[in-house]
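**Q** Sequence first, then the predicted structure, then my questions.
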Amino acid sequence: MSDQKAGVNLQEKDRTWQMFDRIAQTYDPLNRVLSMGIDKRWRRRVARHLPKERPLELLDMATGTGDLLITLCQAEPRIQRALGMDLSEGMLAIGRQKLQSLQLPQPTALETGDATQVPVKDGSFDVVTIAFGIRNVSDVSASLREMYRVLRPNGRAIILEFSLPRLRVMRSLYLLYFRRILPFIGALVSGDRYAYSYLNQSVEAFPYGEAFCQMMREAGFTQVEAHPLTFGIATLYQGDKPNAHPA
């Protein structure tokens, strides 16, 4: 389904960082309520898919308030350095407060950065992650190519994103919640009706499952896998950047 068919156009996606600036103060607590805490379990699941048996440098794109970056740094001592990037300074400001209070053992930083034009050199990181942000970028294919570019050979991209359940009953219940209940609660708490209407529209418009796996392959990734989570409400994708000079 195209973004336009679902009511989400490219101009809106170019301005999503402004929307996240508006809802930054209520974003974290509201997420916990709306997801019933399941999102924290999903982020911990990402740690199980990190590359094995070597030190890691991590880039978390569309990092928001840094939840995934923090979860991975706490779960995996092999992470030696972590950088989070986002276009929303409102979200980053809250993330920096969280990092300051946690005092993680790894060097960490949150910086302004566009997921379609990442301001780092080629081959700078071992792992690139993005949680619930890939659907918000203006050019998904460009973002995937950037993930591939900034990875070192044998590096891995891990993407966590909402998807739609395959089972008809679960799908119907999920869409009822997403289209009716979630926007109402989100608007009531955040004061921003558009933000939480956009959420369900962007999820329904976004390619998932094999369609998204194919997009990752087209960007150059190999060993691409999709792991549905919680009846398919979310999906964890991973893909590797092959070693250009195999032994």
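**A** Thanks, I have it.

**Q** Name whatever forms a beta bridge with Ile130.
**A** Met61, Ile159 (DSSP bridges).

**Q** residue contacts, it?
**A** Asp60, Met61, Ala62, Ala115, Ser143, Met147, Ile159, Leu160 (CB atoms under 8 Å, 6 or more residues apart in numbering). Bear in mind the C-beta positions are built from the backbone N, C-alpha and C, glycine included.

**Q** Could you list which residues are in contact with the first one?
**A** The one in question is Asp60. Asp60 is in contact with Gly66, Leu68, Leu69, Leu72, Ala82, Leu83, Gly84, Met85, Val128, Thr129, Ile130, Ala131, counting by CB under 8 Å, 6+ apart.

**Q** Kindly list the main-chain dihedrals of the second one?
**A** The phi and psi torsions at Leu68 (degrees, to the nearest 10) take the values phi -70, psi -40.

**Q** try the fourth one
**A** With angles defined as degrees, to the nearest 10, Leu72 shows backbone torsions of phi -70, psi -40.

**Q** State the number of residues packed around the closest residue to it other than its chain neighbours.
**A** Spatially, and ignoring its direct neighbours in sequence, Leu72 is nearest to Ala47 (5.6 Å; CB to CB, 6 or more residues apart in numbering). Neighbour count for Ala47, taken as other CB atoms under 10 Å: 17.

**Q** Would you check how far apart Ala47 and Asp114 are?
**A** From Ala47 over to Asp114 the distance is 26 Å, taken as CB to CB, to the nearest Å.

**Q** And Gly239, by the same measure?
**A** 21 Å.

**Q** cool, Asp39 as well?
**A** Distance, Asp39 to Asp114, by CB to CB: 24 Å.
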